[in-house]
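Novice: have a look; sequence and predicted model below, questions after that.
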Amino acid sequence: MPANLPPQYFEAEKRYRAARTPQEKIEALEEMFALMPKHKGTDRLRAELRTKIAKLSEEAERRPFVAKKGSQLYYVRKEGAGQAALVGLANVGKSRLVAALTQAAPQVADYPFTTRLPIPGMMEYENVQVQLVDLPAITAPEVSSWLPNIVKNADLVLIVVDVTLDPVAQLDTVLEWLAKHRMAASNELKEPPPGMTHVKRALVIANKTDMDNSQQALELLLSRCSGKLPVIAVSASRGDGLEEFREMVYKALDVVRVYTKPPGGKADLTEPSVVKRGSTVGDVAETVHKDFARNLKYAQVWGSGKFDGQRVRRDYVLQDGDIIELHT
Ligand SMILES: Nc1nc2c(ncn2[C@@H]2O[C@H](COP(=O)(O)OP(=O)(O)O)[C@@H](O)[C@H]2O)c(=O)[nH]1
Ligand SMILES: [Mg+2]
C-alpha cells in the first residue's frame, strides 16, 4: 500500500465499493485517480485504476443510449470513425451546426436551452462517417449529472462559440467547465496534468461568421488560441467553412482508414476499417477475430509499403489508405 494517500481517497474508495452502475463506479475511480499522488510508489496503483476505468467505460458504452430514471444518466453509443461532442453556451449554434452537417434534426431556436438531451447525428467525410453529438448548453439546468460524462466519453470535444458575443470569454468559460470536471483540452498532452483525469482532443468552432461585426472578435479568438487549439471559422446558417469543418474534425480524431482484402481478391474501398493512428497489422487482425489474430503469419501491404504487396509482420504500423491482405 503506497503511503500518503489523502483521507478523501478512502472516501472515494468507499463510494466505489457502494456504487452500483458502471457510471457511478467510473466517477468514484476517477476521483481516486485524481487524488492519488504521482510518484514511483503509486505507478502500479494508478495503472490499475486506469485499466478499471477503461473497462467500465467500455461496459457503459456498450449499453446503447440508456437513460436511467431518477439519476438521469445518458450514454451515446459510438458509431462511425469517432464521436465528437459539441460543447458550449446556449444559442451559439450547436444544434444548427449538427442540423447543417447531418441528417439529425435537433431543434434550433433563438431562446436558450432548447436542446435537453444528447442528439447524435452522422456527418459524412469522404468514405467515412463521424458521429456528432448535439448537447444542451453547459449552463443548462439539470444537466450537471450526465453532461460531463458524455463529454468525457467522446473522442473529440468541439468547443462552439458565437463570434458576435465575446468568443474569448465563452471559450474561457467552457475551458473552466471542462477543468471543473477534470478534463484538460489539449491535442498534445499524453497524460492528464495534475488534478485532471482526462485529456480531451479539442477544436474551437467559431460560429456566426456571417454577421457583420464578427471579424474583430474572430481575430482576438485566433490570437488567444494560437499554438494551443485550432480554430475553425464557420457559419452554420450560411454554410461557410463546413467543408473545412468536416476535414478538420476527421483529422483531429487521429484515426486511419485501412482496407482488408482477401488473398487474390479486391479491396472494397467504400468500406474502410477505421483504427486509431499507430495501430498495427495485428490490431486490425484482432478486429476481424481473436483466433484470426492468433494464427496470423504475415500480411501484405499496398500503400505505405516500400513496394506494392510488401510482406510485413504483425507489428507493422499502418498508414491512412493502406490495403492489407492477412495470411494465416
Ligand atoms: N447569423 C447566424 N445565426 C445562427 C448561426 N447558427 C445559429 N444561428 C442562430 O442562433 C440561434 C441559436 O441556434 P441553436 O443552434 O439553437 O443554438 P444552440 O443553443 O447552441 O444549440 C438560432 O436563432 C439560430 O438560427 C449562424 O451561423 N449565423
Ligand atoms: Mg441546441
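Specialist: Done, it's in. Numbers count the residues shown, from 1 in each chain. Ligands and ions are numbered 1, 2, ... in the order given.

Novice: wait, V258 touches L318, no?
Specialist: Yes. V258 lies in contact with L318 (Cβ atoms under 8 Å); the separation is 5.1 Å. All C-beta spots, glycine's among them, are computed from the backbone N, C-alpha and C.

Novice: joint contacts of the two?
Specialist: 275, 279, 284, 324 (Cβ atoms under 8 Å, 6 or more residues apart in numbering).

Novice: and those as JSON lines, adding distance to ligand 2 and neighbour count?
Specialist: Below are these laid out as JSON lines (distance: Cβ to the ion, whole Å; neighbours: other Cβ atoms under 10 Å):
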{"residue": "V275", "distance to ligand 2": "32", "neighbour count": "18"}
{"residue": "S279", "distance to ligand 2": "35", "neighbour count": "18"}
{"residue": "V284", "distance to ligand 2": "38", "neighbour count": "25"}
{"residue": "I324", "distance to ligand 2": "41", "neighbour count": "24"}
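
Novice: what segments of the stretch 51-200 of the chain are helices?
Specialist: 94-101, 147-153, 167-180 (DSSP state H, counting those that start in this stretch).

Novice: who's in contact with D240?
Specialist: 209-210, 233-234.

Novice: okay, now the domains of this protein?
Specialist: 7-62, 83-252, 255-327 (automatic domain parsing).

Novice: now those domains as a markdown table including distance to Y74?
Specialist: Shown next, in a markdown table, are the domains of the chain (distance: least, Cβ to Cβ, whole Å):
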| stretch | distance to Y74 |
| --- | --- |
| domain 7-62 | 10 |
| domain 83-252 | 5 |
| domain 255-327 | 24 |
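
Novice: next, give phi and psi for Y250.
Specialist: phi -60, psi -50 (degrees, to the nearest 10).

Novice: what sits opposite the residue nearest to it when sequence neighbours are not counted in the beta ladder?
Specialist: Distance criterion Cβ to Cβ, 6 or more residues apart in numbering; nearest residue to Y250, sequence neighbours excluded, is Y125 at 4.4 Å. On DSSP bridges, the residues paired with Y125 through beta bridges are V128.

Novice: quick check: residues of this structure near ligand 1?
Specialist: 88, 90-96, 108-110, 114-115, 137, 207-208, 210-211, 235-237 (Cβ under 6 Å from any ligand atom).

Novice: tell me which helix or strand the residue nearest to R15 when sequence neighbours are not counted sits in.
Specialist: Spatial nearest neighbour of R15, excluding adjacent residues (Cβ to Cβ, 6+ apart): A28 at 4.3 Å. Per DSSP states H and E: A28 is located in helix 22-35.

Novice: using CSV, write out every CA atom in that helix.
Specialist: These are the backbone C-alpha positions of helix 22-35, laid out as CSV (Å, rounded to 0.1, in the frame of the first residue of the first chain):
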residue,chain,number,x,y,z
PRO,A,22,-20.7,1.5,-14.2
GLN,A,23,-21.1,5.2,-14.4
GLU,A,24,-21.1,5.7,-10.6
LYS,A,25,-18.1,3.4,-10.3
ILE,A,26,-16.2,5.4,-13.0
GLU,A,27,-16.9,8.6,-11.2
ALA,A,28,-15.6,7.2,-7.9
LEU,A,29,-12.5,5.7,-9.6
GLU,A,30,-11.8,9.0,-11.4
GLU,A,31,-11.9,10.8,-8.1
MET,A,32,-9.5,8.3,-6.6
PHE,A,33,-7.2,8.7,-9.6
ALA,A,34,-7.2,12.5,-9.3
LEU,A,35,-6.5,12.3,-5.6
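
Novice: so what does it touch, helix or strand wise?
Specialist: Packing partners of helix 22-35 (3 or more Cβ pairs under 8 Å, 6 or more residues apart in numbering; DSSP states H and E): helix 7-18, helix 43-62, helix 147-153.

Novice: same list (the ones you listed) but as TSV, adding mean neighbour count.
Specialist: Converted to TSV, the helices and strands packed on helix 22-35 look like this (neighbours: other Cβ atoms under 10 Å):
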stretch	mean neighbour count
helix 7-18	14
helix 43-62	14
helix 147-153	20
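
Novice: where among the ones you listed is average confidence lowest?
Specialist: Note on the helices and strands packed on helix 22-35: helix 43-62 shows the lowest mean pLDDT, a mean of 83.

Novice: could you pull up the contacting residues of the residue sitting nearest the centre point of the chain?
Specialist: The chain has D155 as the residue nearest its centroid, 1.1 Å off, counting by Cα atoms, centre = their mean. Residues near D155 by Cβ under 8 Å, 6+ apart: 78, 82-84, 201, 253.
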